[in-house]
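[1] Any chance you could fold what I've pasted below:
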Amino acid sequence: MKAKTIAVGFIILAVVLGAVAVRHFTGGDGKAGSGDIYYCPMHHFITSDKPGECPICGMSLVKRGENLEATDLTDGVYISPEKQQLIGVKKGKVEKRKLTGQILTVGRVAYDPQLYTAQQEYVQTMRSSGTIRREEGYIEQQSADLMKSMKQKLLAMGMSEEEIAELEKRGKPEQNLYLPTSEDKNVWVYISVYEYEAQLVKAGTPVEVRAVAYPGQVFEGKVIAVTPIIEAATRTLKVRALVNNPENKLKLEMFVNVAIKYDLGDKISVPEEAVMHAGTRDIVFVAGASGHFESRVVKLGNKAGNYYEVLEGLAENEEVVTSGNFLVDSESKLNAGFNKASEPNK
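    Alright, predicted model coming up:
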């Protein structure tokens, strides 16, 4: 309560000082005399008919019609170059960049006899259906329904349409799901990905796998399929990746660390340091001409590395504050408070 009282007293004092300054600078009626008019870029109500300094903030008065005449500071704030240097303001460009990143997660080398058995049953049913239809006039619709049901089971277990088509062509289940042989040069790795990262992972996305048993060695592979079902308890998706396994070093049920590499392409983006998260809004400060800073609400896309994709709110080649933006925000709010306090009562 004491701090609040002090803050209120400070604001009242500032308003009183402003009122006194207005009378001193403008002759008591709030209007400067004839001729040139000078005003404070921070406090618009401070005006004078001659150059000088603002009695509140000490900023040099600016001649109306020069530099900041057309600048409306109701949505931002003016900060002199000297003060920018003092509070450590740095800026960055809004540019189109190639956005790449990685998801760091965990996985396990798949030991999945259930999927192996389901694949085997699918292949056997596929063969049997064809034989029965040819030799005993098997009802085609029953055969189609059975195959469709077994295909849905494979999809639910994480296989993709392309994998099932390859299974039909190959005519045998994947041995490396059960008991891989010395001839198997790849293993399946089941990877956990949180649902908010799911949009970044798709078939063909490169992965790098590392195992504690082989420090310094990287096993490369790629995502083959993403399961369509989120696990309720962990809110994760299971990603199936086929990983190169020279010398059969990766063993079934071995836990591994995984890096999933993703590429968003060329996108308009801003450095992550430029973004201030304010509740449900994301805000940046755009640096304009003559030391003017404007707050801007933006709509962001994915984050890649140290950059955010910008969907709305910024244009290419604009400049944004990347360091000192919290101090710029404080200056802006203080400026808005002074301007509001100086408005005449209606």
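
[2] Please name the bridge partners of residue 312.
    residue 299 (DSSP bridges).

[3] residues near it, how many?
    9 (other C-beta atoms under 10 Å). C-beta: built from backbone N, CA, C; applies to glycine.

[4] Tell me the confidence at it?
    Residue 312 carries a pLDDT score of 94 in this model.

[5] likewise residue 120?
    At residue 120, pLDDT is 94.

[6] what ranges do the helices span in the protein?
    For the chain, helices defined by DSSP state H occupy the ranges 2-26, 81-87, 113-136, 140-156, 161-170, 325-341.

[7] The nearest residue to residue 54 once chain neighbours are set aside and residue 322: what is the separation?
    Distances taken as C-beta to C-beta, 6 or more residues apart in numbering put residue 40 closest to residue 54, at 3.8 Å, once the chain neighbours are dropped. For residue 40, the distance to residue 322 equals 27 Å [C-beta to C-beta, to the nearest Å].

[8] Mind checking which of those two has more residues around it?
    residue 40 (26 against 20).

[9] so who does residue 253 touch?
    108-109, 111 (C-beta atoms under 8 Å, 6 or more residues apart in numbering).

[10] Can you list which of those residues are found in strands?
    Cross-referencing these against strands under DSSP state E gives 108-109.

[11] By neighbours, which of the contacts of residue 253 wins?
    residue 109 leads these on contacts (other C-beta under 10 Å) with 22 neighbours.

[12] Who are the contact partners of that one?
    Residue 109 touches 187-189, 250-254, 256, counting by C-beta under 8 Å, 6+ apart.

[13] Buried among the residues you listed? Need that as a selection in ChimeraX.
    To isolate the buried ones among those in ChimeraX, judged by 16 or more other C-beta atoms under 10 Å, type:
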select :187,188,189,250,252,254,256
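
[14] Which of the contacts of residue 109 lies at the shortest distance from residue 159?
    Of all the contacts of residue 109, residue 159 sits closest to residue 188, with 10.6 Å by C-beta to C-beta.

[15] how about low-confidence regions in the stretch 51-200 of the chain?
    57, 59, 64-76, 130-142 (pLDDT under 70).

[16] Buried residues in stretch 316-332, which are they?
    318, 320-325, 327-329, 331-332.

[17] Stretch 225-232 too?
    225-227.

[18] And for stretch 80-87?
    Going by 16+ other C-beta under 10 Å, stretch 80-87 has these buried residues: 80, 83-84.

[19] what's next to that stretch, contact-wise?
    59-60, 79, 291, 324, 327-328.

[20] Neighbours of the nearest residue to residue 151 once chain neighbours are set aside, how many?
    Sequence neighbours aside, residue 164 is the residue nearest to residue 151 in space, at 6.0 Å (criterion: C-beta to C-beta, 6+ apart). Using other C-beta under 10 Å, residue 164 has 17 neighbouring residues.

[21] what does the one 4 residues further on give?
    The local packing of residue 168 (other C-beta under 10 Å) involves 13 other residues.

[22] quick one: it and residue 126 touch, right?
    Yes - with contact defined as C-beta atoms under 8 Å, residue 168 counts as touching residue 126 (6.4 Å).

[23] ok, what's across the strand from the residue sitting nearest the centre point of the chain?
    Closest residue to the average C-alpha location of the chain: residue 303 at 3.0 Å, with C-alpha atoms, centre = their mean. Assessed by DSSP bridges, residue 303 has beta-bridge partners residue 308.

[24] Show the pLDDT at it.
    For residue 303, the predicted pLDDT is 91.

[25] For it, list the residues it contacts.
    So residue 303 contacts 101, 272, 309 (C-beta under 8 Å, 6+ apart).

[26] Now do the contacts for the second one.
    To tie it back to what came earlier, the one meant is residue 272. 303, 306-308.

[27] Any of the residues you listed buried? List them.
    303, 307-308.

[28] hang on, isn't the residue nearest to residue 54 packed against residue 46?
    Yes - counting by C-beta under 8 Å, residue 40 touches residue 46, with 4.0 Å between them.

[29] Identify the contacts common to those two.
    Residues within reach of residue 40 and of residue 46 at once, by C-beta under 8 Å, 6+ apart, are 54, 56, 61.

[30] Now rank these by neighbours and give me the top one.
    In terms of neighbours by other C-beta under 10 Å, the shared contacts of residue 40 and residue 46 top out with residue 54 at 21 neighbours.

[31] I am assuming that one contacts residue 46, so please confirm or correct that.
    Yes - applying C-beta under 8 Å, one finds residue 54 in contact with residue 46, separated by 5.1 Å.

[32] Can you list the buried residues in the longest strand along the chain?
    Looking across the chain with DSSP E, the single longest strand is strand 255-271. Across strand 255-271, burial judged by 16+ other C-beta under 10 Å covers 256, 258, 260, 262, 264, 267-271.

[33] which one among those residues gets closest to residue 216?
    residue 256 (14.0 Å).

[34] do you know how far the closest one is from residue 104?
    Computed as C-beta to C-beta, the residue 256 to residue 104 distance reads 12 Å.

[35] Likewise for residue 266?
    24 Å.

[36] now swap in residue 247 and tell me
    Residue 247 is 26 Å from residue 104, by C-beta to C-beta.

[37] try residue 54
    Applying C-beta to C-beta to residue 54 and residue 104 gives a distance of 52 Å.

[38] again, but for residue 255
    14 Å.
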